[in-house]
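>>> Sharing a model prediction with you, sequence too.
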Amino acid sequence: MFKLFFNSLVLLSFNINHQLSANPSISHIEVIENSQIIAQNSEKTEQFNQLKQELEKAGFEVILELPPRRGAYGLLQVSTKKIWINPVTFDLHIALATLIHESVHASQVCAGNGEIKVLGLTLEPINQARPFFQGYTETHRRDLEREAYTVQTQPNSFELALSLLRENCQLNN
């Protein structure tokens, strides 16, 4: 993952330098915006790594490979406590969101003592998230996915996911 991040950084840096040499009239503001993008990606990488470490402390194995279910970005296998994150999520810039989603499911497993159960969150999902879980016909599965998509789409999703994981899996900071 570090290599992927480093390669992205090198390509972005090359692109910035190429733009500056090709067009000396590019403003200082555009360069700052590109630096902010790098900083945001760095923050997301740190958050991804921190959440991955917390999941591992809770006994989950995070695997950066294609999930065994075709077309899935992420997958939690309850019986083995394995979480797969599809490598394409890094290219799509949704790796952190995917890990947050799966960490909510991990919290649900911890809360159910090895069985996945609804946490009973009082948060409301954003309207854009509703189609992702309303298609499930089985009520329990729909409620599990509602919680995961609700947390994933909150402005403070990382902090919320970390808090839920620590609380339900009884982890110390």
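Cool, the structure landed.

>>> now this protein, which segments are flagged as low pLDDT?
Within the chain, the ranges that satisfy pLDDT under 70 run 1-40, 173.

>>> Tell me which stretches of the protein form strands.
Here the chain has its strands, by DSSP state E, at 61-63, 74-77, 82-85.

>>> Would you confirm that Val118 contacts Arg142?
No. The pair Val118 / Arg142 is not scored as a contact, 9.9 Å apart, by CB atoms under 8 Å. Where C-beta positions appear, they are placed from N, C-alpha and C, glycine not excepted.

>>> what does stretch 151-161 contact?
Stretch 151-161 is contacted from outside by 47, 51, 96-97, 100-101, 103-104, 107, 121, 123, 125-126, 128-129, 164, using CB atoms under 8 Å, 6 or more residues apart in numbering.

>>> change it to 10 Å
Here stretch 151-161 makes contact (CB atoms under 10 Å, 6 or more residues apart in numbering) with 43-44, 46-48, 50-51, 54-55, 94, 96-104, 106-107, 119, 121, 123-129, 132, 148, 150, 162-164.

>>> What residues of that stretch count as buried?
151-154, 157-158, 160-161 (16 or more other CB atoms under 10 Å).

>>> my guess is Arg142 meets Pro125, correct?
No. Under the criterion of CB atoms under 10 Å, Arg142 is not in contact with Pro125, lying 11.3 Å apart.

>>> and which of the buried residues of stretch 151-161 is nearest Gly114?
Proximity of the buried residues of stretch 151-161 to Gly114 was ranked by CB to CB; the top entry is Ala161 with 20.0 Å.

>>> Just the terminal-to-terminal distance for stretch 71-90.
15 Å (CA to CA, to the nearest Å).

>>> What is the end-to-end distance of stretch 151-164?
Terminal residues of stretch 151-164 lie 10 Å apart, using CA to CA.

>>> That should have said stretch 75-87, apologies.
Note: stretch 75-87 ends 12 Å apart using CA to CA.

>>> cool, and stretch 84-99?
First-to-last residue span, stretch 84-99, CA to CA: 9 Å.

>>> which parts of that stretch are buried?
For stretch 84-99, by 16+ other CB under 10 Å, it's 84-86, 89-90, 94-99.

>>> what does stretch 116-131 give?
Buried, per 16+ other CB under 10 Å, within stretch 116-131: 116-117, 119, 121, 125, 129.

>>> outside of that stretch, which residues touch it?
With CB under 10 Å, 6+ apart, stretch 116-131 has contacts from 76, 78, 104-112, 132-134, 139-155, 160, 164, 167-168.

>>> among these, which ones are buried?
When these are checked for burial by 16+ other CB under 10 Å, the buried set is 76, 104-111, 132-133, 143-154, 160, 164, 168.

>>> Alright, calling it a day.
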